[in-house]
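Undergrad: Show me how the following folds:
(chains A and B, ligands or ions: 2)
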Amino acid sequence: MIDLKDIYKIYVDGDSEIRALDGVSLHIDKGEFVAIVGQSGSGKSTCMNIIGCLDVPTSGTYKLNGIDASTLTEDEQAQIRNQTLGFIFQQYNLIPKLNLLENVELPLIYRGYPQKKRHELAIKSLERVGLVDRIKKFPSQLSGGQQQRVSIARALAGNPSVILADEPTGALDSKTGLEVLKFLKQLNKEGNTIVLITHDNGIAEQAKRIVRIQDGKIIEDRPSQSVQQGGLQ
Amino acid sequence: MNFKQSFNLAIKSLAASKMRAFLTMLGIIIGVAAVIILVSLVDGFKNSMLEQFNSIGANTISVSIRSRGGTRTVNVDEMLALCDEHPDILLAATPNVTATGTAKIGTEDLSSSITGVGESYLDVTTSEIQQGRFLTYNDINTRQKVCIVGSYISKEFFNGNAVDQTLKINGNTFKIVGVFEEVADSTEGSSDDKIIIPYTTVRSITQFSFVSSYTFATVDESLSPQGKTIIENFLLSIFASDSYYTVMSMAEMLDMVDTLTSQITLILVGIAGISLLVGGIGIMNIMLVSVTERTREIGIRKSLGARRFDIMSQFVVEAATTSAVGGVVGIVLGIVVSYVAGTLLNLIIKPSYLAILIAFTFSAAIGIMFGYFPANKAAKLNPIDALRHD
Ligand SMILES: Nc1ncnc2c1ncn2[C@@H]1O[C@H](COP(=O)(O)OP(=O)(O)OP(=O)(O)O)[C@@H](O)[C@H]1O
Ligand SMILES: [Mg+2]
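TA: Ligands and ions are numbered 1, 2, ... in the order given. Predicted coordinates:
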């Protein structure tokens, strides 16, 4: 379903060039739960942004569900982000002046759902993350963990098949971080493909597969310990 | 995302920073208000001018003769005879002689205008007699010391019963034989403060050389040009040069007023339009700031699937809403100020619907035009760059 082939992402800065991605090939199947790990600056976010159609590689081909992303128009990419992908960011990326309900409804608005349907789906989604009693609150009135739950609710609202999470636990304490992880596991069980970026090895081991990146290259790709040990989780 | 959502979003965004929204709108508010005020005032001036002309009658032609041209001169009977020679075009005519002098009632001095006219005066003006009678052919012919007074004099000095009373002009006693109907507001110095006497009598009470002014009336307003030609031809045949007289029809005057006021309106609206333009640039400026400030928001929206058009319409609608709200406020302000100014200037002000419509359309269009550029800038942002922005 996700198919990266010889992906390079090169930033040119004066004479020097930064190879954020230096020949990455990666295949992720439907229903996988992949953790991408690596040091800061290794290229994890760059990789995820390309998977998320937020950024384009300097060279190489990226196919999503068999479609070459480089052949898509900007609006078609927007449509894929809207319908197939759900993003969870380290910085939550909620819109401050919209309340929780409106934030969660956003992807559904761009999908063109009528008000009533939007409302229902957003409420259902907020129910799942346990924040349904605060739908009229604004992001600034919530704790970091709660805000991240809202952003998860937003990512879930449109029921996308792929969830891309860039360090969703990065700004949270370990307890709330584990809570967020529990959600991702749950979603994976329900059949969603999950790509999780983290630099926390403990969290990475909770995924099914670990891909390690260093200096823009994949240096390790293996099943996680939980899979190796128990087979099932 | 549909229009209603864009609109709600725009309202929300404006409400979030009211002071800024207000200052942004100010340019539009002032521009729109200026257009409406200026158009209304010029309109009011024009109407008050037309009203004064109308009391003279739109079918009239005024003739003024500057001096006795050389050896020949024109006499009153010749001029009045033109009406008899062209009855199908010229309806009536009267000489107008302004008498210099002071009228007195008892010991009180009046400031009234005193004019000597002929018996056809009523036919060439819109004046009507309310009490008594007008001057007769006989009054004129025998130089009677009789007069008709305006309603101000009748009300102020005779309790509305002026007929058969007397007043003095330069020491001569005149009998009041009639009272005009009110044409203005019966105050001192208005058109109701006047005394009309036979033009032949003027000679008896003051220095007077010759009749230099006439008013003609044509049978119909549309015959004005023909009437004018007849009079001009006659005068030319006597004076042999057109530098001794002026013939001006009211229709021409109205045309002139019309042309003049529309030119003034055009100039003023042009100036006001410039302030609208400046207002539009203000909106563009703020929208550009707003796009920069909200780059991250734009990135978030794009990551959630907003298409170019969605972002575009969000900002265009916001700009258009800003200027449209400014436009509405400007219209209200413009109407209020027009009325206040009209009251102060003693003008009857009717805010022009056309001006309001144009001002509003123009301001909304400016919002869209000047909103387009920043909106396009926002829509073209690369999602990842926008998301990284802070
Ligand atoms: N817009 C850019 N211009 C220039 N260099 C960039 C740009 N974006 C990323 N880079 C560089 O690309 C490399 C990879 O960046 P990336 O954000 O993918 O790292 P990361 O693995 O996500 O790091 P972290 O764990 O700190 O988030 C870094 O060296 C970074 O400096
Ligand atoms: Mg990163």
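
Undergrad: For the rest of this, base every contact and every neighbour count on C-alpha atoms.
TA: Will do.

Undergrad: mean confidence score for stretch B:290-302?
TA: Stretch B:290-302 carries an average pLDDT of 91.

Undergrad: Stretch A:118-130 close to chain B?
TA: No - contact of stretch A:118-130 with chain B (CA under 8 Å from any CA of the partner chain) is absent, the minimum separation being 12.2 Å.

Undergrad: For chain A, list the residues in contact with chain B, please.
TA: So far as CA under 8 Å from any CA goes, chain A lies against chain B at A:49, A:54-55, A:74-75, A:78-83, A:86-87, A:93-95, A:106-107, A:109-112.

Undergrad: Just the buried residues from the residues you listed, in ChimeraX please.
TA: Here is the ChimeraX selection string for the buried members of these, based on 16 or more other CA atoms under 10 Å in any protein chain shown:
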select /A:49,54,55,74,78,79,80,81,82,83,86,87,93,94,95,106,107,109,110,111
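
Undergrad: Just the residues of chain A next to chain B: which are in helices?
TA: Among the residues of chain A next to chain B, the members falling in helices (DSSP state H) are A:49, A:74-75, A:78-83, A:106-107, A:109-111.

Undergrad: now, the most widely separated pair of those?
TA: Spatial extent of those (CA to CA) is set by the pair A:Asn49 and A:Ile109 at 22.5 Å.

Undergrad: per-residue confidence for the residue of the stretch 51-200 of chain B found nearest chain A?
TA: Nearest to chain A in the stretch 51-200 of chain B, going by CA to the nearest CA, is B:Glu51, at a distance of 58.0 Å. According to the prediction, B:Glu51 has pLDDT 77.

Undergrad: And for it, the neighbour number?
TA: 12 (other CA atoms under 10 Å in any protein chain shown).

Undergrad: and the gap between it and B:Ala58?
TA: Going from B:Glu51 to B:Ala58 by CA to CA, to the nearest Å gives 10 Å.

Undergrad: Got phi/psi on the most centrally placed residue in chain A?
TA: Most central in chain A under CA atoms, centre = their mean is A:Leu164, positioned 1.4 Å from the mean C-alpha point. Backbone torsions of A:Leu164, given as degrees, to the nearest 10, read phi -110, psi 120.

Undergrad: Correct me if wrong: it contacts A:Leu54.
TA: No - using CA atoms under 8 Å, A:Leu164 is not in contact with A:Leu54, being 11.5 Å away.

Undergrad: one step back: which of the three states applies to the residue of the stretch 51-200 of chain B closest to chain A?
TA: What DSSP: H, G, I helix; E, B strand; the rest coil gives for B:Glu51 is helix.

Undergrad: Can you give me the separation between the residue nearest to the centre of chain A and ligand 1?
TA: Distance of A:Leu164 to ligand 1, computed by CA to the nearest ligand atom, to the nearest Å: 13 Å.

Undergrad: Check A:Val150 too.
TA: The value you get for A:Val150 to ligand 1, if CA to the nearest ligand atom is used, is 21 Å.

Undergrad: Please report how far that residue lies from chain B.
TA: Computed as CA to the nearest CA, to the nearest Å, the A:Val150 to chain B distance reads 14 Å.

Undergrad: mind listing what that residue touches?
TA: A:100, A:104, A:126, A:129, A:131 (CA atoms under 8 Å, 6 or more residues apart in numbering or on different chains).

Undergrad: what's near enough to touch the fourth one?
TA: What it means is A:Val129. A:149-150, A:152-153.

Undergrad: and of those, the nearest to ligand 1?
TA: A:Ile152 (19.0 Å; CA to the nearest ligand atom).

Undergrad: Let me know the helix or strand that that closest one is in.
TA: helix A:144-157 (DSSP states H and E).

Undergrad: From what I see, B:Tyr339 and B:Ile349 are in contact.
TA: Yes - using CA under 8 Å, B:Tyr339 is in contact with B:Ile349, at 6.1 Å.

Undergrad: Who has more neighbours out of these two?
TA: Between B:Tyr339 and B:Ile349, B:Ile349 has the larger neighbour count (other CA under 10 Å), namely 24 against 20.

Undergrad: Nearest to chain B: which residue in chain A?
TA: Residue nearest to chain B within chain A (CA to the nearest CA): A:Asn82, separated by 4.0 Å.

Undergrad: show me the contacts for that residue.
TA: Contacts of A:Asn82 (CA under 8 Å, 6+ apart): A:107, A:110-111, A:158, B:303-306.

Undergrad: what do you get if the cut-off is 6 Å, keeping everything else the same?
TA: Contacts here follow CA atoms under 6 Å, 6 or more residues apart in numbering or on different chains; on that basis A:Asn82 touches B:304-305.

Undergrad: Would you quantify the distance from it to B:Arg301?
TA: Noted for A:Asn82: a distance of 10 Å to B:Arg301, by CA to CA.

Undergrad: so where's chain A uncertain?
TA: Counting by pLDDT under 70, chain A contains low-confidence residues at A:230-233.

Undergrad: could you pull out the strands for the stretch 51-200 of chain B?
TA: Ranges of strands in the stretch 51-200 of chain B, per DSSP state E, counting those that start in this stretch, are B:60-65, B:90-98, B:103-105, B:108-109, B:113-117, B:129-132, B:146-149, B:166-169, B:172-180, B:194-198.

Undergrad: Now render those strands as CSV, adding mean pLDDT, distance to chain A and mean neighbour count.
TA: Shown next, in CSV, are the strands of the stretch 51-200 of chain B (pLDDT from 0 to 100; distance: least, CA to the nearest CA, whole Å; neighbours: other CA atoms under 10 Å in any protein chain shown):
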stretch, mean pLDDT, distance to chain A, mean neighbour count
strand B:60-65, 90, 70, 23
strand B:90-98, 92, 76, 24
strand B:103-105, 90, 79, 19
strand B:108-109, 88, 77, 10
strand B:113-117, 92, 73, 22
strand B:129-132, 92, 73, 16
strand B:146-149, 94, 76, 25
strand B:166-169, 92, 83, 20
strand B:172-180, 93, 73, 21
strand B:194-198, 93, 72, 26
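
Undergrad: among those strands, which is nearest A:Lys63?
TA: Among the strands of the stretch 51-200 of chain B, strand B:60-65 sits nearest to A:Lys63 (CA to CA), with 88.7 Å.

Undergrad: starting at the chain centroid, how far to that closest one?
TA: Put simply, strand B:60-65 sits 23 Å off its chain's centre (CA atoms, centre = their mean, to the nearest Å).

Undergrad: so what does it touch, helix or strand wise?
TA: Other elements packing on strand B:60-65 under the criterion 3 or more CA pairs under 6 Å, 6 or more residues apart in numbering or on different chains; DSSP states H and E are strand B:213-218, strand B:245-249.

Undergrad: can you give me phi and psi for the spatially most central residue of chain B?
TA: Centroid check for chain B by CA atoms, centre = their mean gives B:Lys46 as the closest residue, at 1.2 Å. Dihedral angles of B:Lys46 (phi, psi; degrees, to the nearest 10) stand at phi -60, psi -50.

Undergrad: what separates it from B:Ser55, distance-wise?
TA: To B:Ser55, B:Lys46 is 14 Å away according to CA to CA.

Undergrad: cool, A:Asn82 as well?
TA: In terms of CA to CA, A:Asn82 sits 74 Å off from B:Ser55.

Undergrad: Count the neighbours of B:Thr24 for me.
TA: 24.

Undergrad: Which element, helix or strand, includes it?
TA: Applying DSSP H and E, one finds B:Thr24 within helix B:18-54.

Undergrad: For residue 167, which residues are in contact?
TA: No chain was given, so I picked chain A. Going by CA under 6 Å, 6+ apart, the list of residues near A:Glu167 reads A:90, A:197-198.

Undergrad: Correction: the question concerned chain B.
TA: B:Leu167 sits next to B:104-105, B:173-174 when contact means CA under 6 Å, 6+ apart.
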